[in-house]
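Q: Whatever this is, show me its structure:
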Amino acid sequence: MLPLPFTFEKPTTIADAITAIGDSDDAMFYSGGTELLLAMKMRVIRTDRLVDIKSIPGLDRIVLNDADEIELGSRCTHRMIAQDPVLRRHVPALAALCANVANVRVRNVGTIGGNLCFGEPHADPPTLFAALNARLLLQGGGGTRSVEADDFIRSELETVREPDELLTMIVFPRPTGPVTYRRFKHGERPSVNVAMAWSMGAADTIGSARVRVGALGSRPQPLKAVEAALAGCPIADGRTAIEAVLADALDELEVNDDRHGGADYKRHLAGVLLLRNAEEAMTRREMPR
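A: Model prediction:
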């Protein structure tokens, strides 16, 4: 099936792209199109105008800025992220994640911004970006705003982005401690994924921790009890600290029964992946500068 007729514009600046979208609720930004074009062909999504952002410079850059933050352009493909030397050095878990997203075609043309904006519950990047304490920069007719990764996905296939807002960049602090990511995969999408990032404290202790579980409900979810148990804990006791609170923490998660598995099964998988993440993190120290 072919998509319904639409117009196509190719601006060369962010301002022109926003103007091209205008106040239409049906116009859409387009870059990789790996999800969008399939949905249009199936007529799940209908649009009267596509605004191609591939000619806008600066949206595909990856840098470590003077504030010790990593700036990741929204139009970076998964392949670019997987091969980037800055990310391979400072956030190897993110590079490895993108090296294994979906399939070769998706990795070559699919963009990180498109992945986030689609709001797919069974996606890899949103969970890790939430654990990295990332913020997403949105630019639209009303100006520029910053949204925490935790707050970006509102529900299944729905984000807080307004129709005229373009996601331009993902920004997060350079990790100072281990970052780990694991998933249990069903087909090309994870049934469950777990991301963990912690900072190093004094005398071989964990400073603070961020733990996120994804693909269970409509959006990534924090494990606050696990984070609290890890904060200030000796690294050698990390697994024991997690095990003491894990069962109650998993019970509090929103979990949907779906074709990827039942709720109890997916909760169990989340616990297994979390403990494996902890074992990996316990073998590491500070990330390289």
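
Q: What is the subsequent helix or strand relative to the strand or helix carrying residue 71?
A: In this assignment (DSSP states H and E), residue 71 forms part of strand 69-73. The helix or strand immediately downstream of strand 69-73 is helix 78-83, counting by DSSP H and E.

Q: Report all helices and strands that that following helix contacts.
A: Contacts defined by 3 or more CB pairs under 8 Å, 6 or more residues apart in numbering; DSSP states H and E place helix 78-83 against helix 92-99, helix 104-109, helix 112-118. To be clear about C-beta, it is placed using only N, CA and C from the backbone, and glycine gets the same treatment.

Q: 7 Å instead, please
A: Where contact means 3 or more CB pairs under 7 Å, 6 or more residues apart in numbering; DSSP states H and E, helix 78-83 is packed against helix 92-99, helix 104-109.

Q: Tell me how far that helix lies from the chain's centre.
A: Remark: helix 78-83 is offset 14 Å from the chain centroid, using CA atoms, centre = their mean, to the nearest Å.

Q: List the buried residues of that helix.
A: In terms of neighbour count (16 or more other CB atoms under 10 Å), helix 78-83 has its buried residues at 78-82.

Q: do stretch 250-270 as well
A: Residues of stretch 250-270 classed as buried by neighbour count (16+ other CB under 10 Å): 250, 253, 255, 260-261, 266-267, 269-270.

Q: What of stretch 101-117?
A: 101-102, 106-107, 109-117.

Q: thinking again about what came up before, need the buried residues of helix 78-83 in TSV (columns: pLDDT).
A: Shown next, in TSV, are these (pLDDT from 0 to 100):
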residue	pLDDT
78	97
79	97
80	98
81	98
82	98
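
Q: Now distance to residue 65 too, for those residues, in TSV please.
A: As requested, these are exported to TSV (distance: CB to CB, whole Å):
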residue	distance to residue 65
78	22
79	23
80	18
81	17
82	21
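
Q: Let me know the closest of the residues you listed to residue 151.
A: Nearest to residue 151 among the buried residues of helix 78-83: residue 81, at 22.4 Å, using CB to CB.

Q: Which residues lie in contact with the nearest residue to that closest one once chain neighbours are set aside in this structure?
A: Distances taken as CB to CB, 6 or more residues apart in numbering place residue 98 nearest to residue 81, at 4.1 Å, with adjacent residues excluded. Contacts were defined as CB atoms under 7 Å, 6 or more residues apart in numbering; by that measure residue 98 touches 78, 81-82.

Q: Return the per-residue confidence for residue 98.
A: Reading off the confidence values, residue 98 has pLDDT 97.
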